[in-house]
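[1] sequence first, predicted coordinates after that:
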Amino acid sequence: MGSLIEYFKKKTAENVLEKALNHARKVQECVRELNKGIQILLETKDVEQAHEIFLNVDNLEHEADDFRREIMQDISKGELNPSVRADLSHLIKRMDDVANCATGVARRMDTSPNKFWEQSSQESINLIKEMMKTTVDCSTYLDLILTDLLGERKRVKEIAKQINNLEHKVDLLNIQLRRSLQQTEYNINYFTSFTVGMTMNIIEAISDACETVADYILVLLTSANVL
């Protein structure tokens, strides 16, 4: 990892660094757009508007993929130490997992029947909205921790702790949500129940993926005796 830090300091790395930050911001945009679609679906019940937003989450994820591919192409062309290339590849892949989870939620929410949400209790609706708000808060630290990694590396531990705390809050909200959902009488088919349960798991996985990014950065910096 020490060699990766040295790589970040080189003039030749500026293009990769810019794309890495753009990638992180595009990933965050995916999460914010997902939250926007879920809030509209659950609050205004405007299915058509929510559908358009969920489609946009998919488009944003494709744009994030484009940044990832460009970064992979750039580092494959350079004469990099294999460990440097591997460290950077793993970091970008973990960041990309956040966008992939957001897209997974968007696709499932887009196909969930209104009947389910109409039968859900207000408590369940509020818990889903709170989970998404906390997930957005968690994702906002992604470009901050990456910027600090690429800069002076003075706040990495502090930012990682914030991500960890928010991820834990999402976990607790998910437990409350599952209890609330099971206390509600639904008149829906089994596949809908399965799909919604899977969707809640993937919402939780977004913050998990953010935490994985933070933990990976901490491990790499610790192993290089930077922290």
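    Thanks, I have it.
[2] which residue of the chain lies farthest from its centroid?
    Asn187 (32.2 Å; CA atoms, centre = their mean).
[3] quick one: contacts for that residue?
    115, 119 (CB atoms under 8 Å, 6 or more residues apart in numbering). Glycine gets a C-beta too; all of them are placed from N, C-alpha and C.
[4] and what of Lys133?
    Counted by CB under 8 Å, 6+ apart, Lys133 has contacts Asn35.
[5] how about Lys93?
    Contacts of Lys93 by CB under 8 Å, 6+ apart are Arg68.
[6] what does the one 10 residues further on give?
    Residues in contact with Thr103, defined by CB under 8 Å, 6+ apart, are 30, 57-58, 61.
[7] so which residue is dead centre in this protein?
    Mean-position check on the chain, CA atoms, centre = their mean. Result Val98 at 2.9 Å.
[8] mind listing residues that contact stretch 25-33?
    Counting by CB under 8 Å, 6+ apart, 53, 56-57, 60-61, 63-64, 67, 95-96, 98-99, 102-103, 135-136, 139-140, 142-143, 206 sit against stretch 25-33.
[9] what does stretch 200-209 contact?
    31, 94, 97-98, 100-102, 104-105, 108, 128, 131-132, 134-135, 138-139, 166-167, 170-171, 174, 177-178, 181.
[10] next SSE downstream of the helix or strand of the chain with the lowest mean pLDDT?
    The weakest-scoring helix or strand in the chain, judged by mean pLDDT, DSSP states H and E, is helix 2-9 (a mean of 61). Downstream of helix 2-9, the next assigned helix or strand under DSSP states H and E is helix 14-43.
[11] list the buried residues of the longest helix along the chain.
    The helix spanning the most residues in the chain, taking DSSP state H as the definition, is helix 190-223. Across helix 190-223, burial judged by 16 or more other CB atoms under 10 Å covers 195-196, 199-200, 202-214, 216-218, 220-221.
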